[in-house]
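Asker: Mind folding the following:
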Amino acid sequence: MIRVEGVHKSYAGTHAVAGVSFTIQPGEIVGFLGPNGAGKSTRLRMLSTYLEPDAGRIEIAGIDTVRDPLGARARLGYLPEHNPLFEGMRVRECLEFLARMRGLNREEREQRLGLAAEQLGLAAVLQKRVRECSKGYRQRIGLAGALLGDPAVLLLDEPTHGLDPLQVLALREFLHGISPGRAILFSSHILAEVAAISSRVLLLHQGQLLLDEPTATLEQRARAEGINLEQHIVRVIERAGGSTRLG
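Answerer: Predicted structure coming up:
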């Protein structure tokens, strides 16, 4: 579903992403980790077609993101870190607008909006204006918008930001429930969340991919070293000469 081959991206001569390659298959939930400035945001923006790679190839559900960006966008849902919503709209109006932008007809809009409201607990705020909603509800509204097109690929940047512990647990269960048939990639600065949600971890450092391992394998290695998973990840970064401040 997601295929990245030898991708490079530079800004003013500095490599934000340097020769990164990986694939994510349907049914996988993959966590994205790395120190500040590792290239995670740049990678997500390229996957979402917001940025083009300088070299290499990215495919979303078999569609080349440079040759056919609109075709790729039709097959993905994206929740950016800074969730852009229409503040003055009522929540229902906002989601209906996003559904129309997806090209859904009236029947499809009603069906998808009703399903999203039920799955994400939005019924209580559908008639509120977006600006009146809490941070937690705004995150859920953004996720609902990302799912309206029933995407094959879901990109989530800090999806648990602003959620309380119960909402975080509900999101984990929700993502596992919708993962069959989808490729899900999410970025988080909280390693415990990545370990709890993902089946695989991608670790970036200075634009390069340091790790691409199943979460269970990393946990086994950490136990063998007599440390926890977070300490193991920190050691990997330190061995590569990086800062231990994760972001």
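Asker: okay, and for the protein, where does confidence drop off?
Answerer: For the chain, applying pLDDT under 70 flags the ranges 35-39, 242-247.
Asker: please redo it, this time with the cut-off set to 50
Answerer: Applying pLDDT under 50 to the chain flags the ranges 245-247.
Asker: which residue is nearest the centroid of it?
Answerer: L156 (2.0 Å; Cα atoms, centre = their mean).
Asker: secondary structure element for the residue of the chain most remote from its centre?
Answerer: Relative to the C-alpha centroid of the chain, counting by Cα atoms, centre = their mean, G226 is the outermost residue, at 30.9 Å. Under DSSP states H and E, no helix or strand contains G226.
Asker: do the same with R67
Answerer: Using DSSP H and E, no helix or strand contains R67.
Asker: do the same with L44
Answerer: L44 belongs to helix 40-47 when assigned by DSSP H and E.
Asker: C-alpha coordinates for that helix, CSV please?
Answerer: Extracted C-alpha coordinates of helix 40-47, given in CSV (Å, rounded to 0.1, in the frame of the first residue of the first chain):
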residue,chain,number,x,y,z
LYS,A,40,9.6,12.7,10.1
SER,A,41,7.4,15.7,9.1
THR,A,42,9.2,16.0,5.7
ARG,A,43,8.5,12.3,5.1
LEU,A,44,4.8,12.6,5.9
ARG,A,45,4.5,15.7,3.7
MET,A,46,6.0,13.8,0.8
LEU,A,47,3.7,10.8,1.4
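Asker: quick one, phi/psi of H82?
Answerer: Dihedral angles of H82 (phi, psi; degrees, to the nearest 10) stand at phi -100, psi 90.
Asker: let me redo that: K128
Answerer: When read as degrees, to the nearest 10, the backbone of K128 gives phi -80, psi 160.
Asker: Helices of this structure, start to end?
Answerer: 40-47, 69-73, 91-101, 106-120, 135-147, 165-178, 191-197, 215-224, 229-239 (DSSP state H).
Asker: For P84, which of the ones you listed is the nearest?
Answerer: Judged by Cβ to Cβ, the one of the helices of the chain that comes nearest to P84 is helix 135-147, at 8.0 Å. C-beta here means a position set from N, CA and C on the backbone, and glycine is covered the same way.
Asker: okay, now the domains of the protein?
Answerer: 1-75+152-247, 86-150 (automatic domain parsing).
Asker: If you count neighbours, what's buried in stretch 203-220?
Answerer: Neighbour counts over stretch 203-220 (16 or more other Cβ atoms under 10 Å) mark 203-211, 215, 218-219 as buried.
Asker: List the contacts of stretch 72-88.
Answerer: 41, 44, 47-49, 59-61, 63-65, 93-94, 97, 102-103, 129-131, 138-139, 141-143, 145-149, 151-159, 161, 187 (Cβ atoms under 8 Å, 6 or more residues apart in numbering).
Asker: Mind checking which of the residues you listed are buried?
Answerer: By 16+ other Cβ under 10 Å, those give 41, 44, 47-49, 59-61, 63, 65, 94, 102, 130, 138-139, 141-143, 145-149, 151-159, 161, 187 as buried.
Asker: how about the CA coordinates for stretch 68-86, as PDB?
Answerer: Backbone C-alpha positions of stretch 68-86 (Å, rounded to 0.1, in the frame of the first residue of the first chain) are rendered in PDB as follows:
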ATOM      1  CA  ASP A  68      -0.400  11.300 -10.300                       C
ATOM      2  CA  PRO A  69      -0.700  13.300  -7.100                       C
ATOM      3  CA  LEU A  70      -4.500  13.600  -7.300                       C
ATOM      4  CA  GLY A  71      -4.900   9.800  -7.800                       C
ATOM      5  CA  ALA A  72      -2.700   9.200  -4.800                       C
ATOM      6  CA  ARG A  73      -4.700  11.700  -2.600                       C
ATOM      7  CA  ALA A  74      -7.900  10.000  -3.500                       C
ATOM      8  CA  ARG A  75      -6.500   6.800  -1.900                       C
ATOM      9  CA  LEU A  76      -5.200   8.300   1.300                       C
ATOM     10  CA  GLY A  77      -6.400  10.100   4.500                       C
ATOM     11  CA  TYR A  78      -4.100  12.500   6.300                       C
ATOM     12  CA  LEU A  79      -4.300  14.000   9.800                       C
ATOM     13  CA  PRO A  80      -1.500  16.600  10.100                       C
ATOM     14  CA  GLU A  81       0.000  17.600  13.400                       C
ATOM     15  CA  HIS A  82      -1.600  21.000  13.200                       C
ATOM     16  CA  ASN A  83      -5.200  20.000  12.400                       C
ATOM     17  CA  PRO A  84      -6.600  22.500   9.900                       C
ATOM     18  CA  LEU A  85     -10.300  22.800  10.500                       C
ATOM     19  CA  PHE A  86     -12.900  25.500   9.500                       C
END
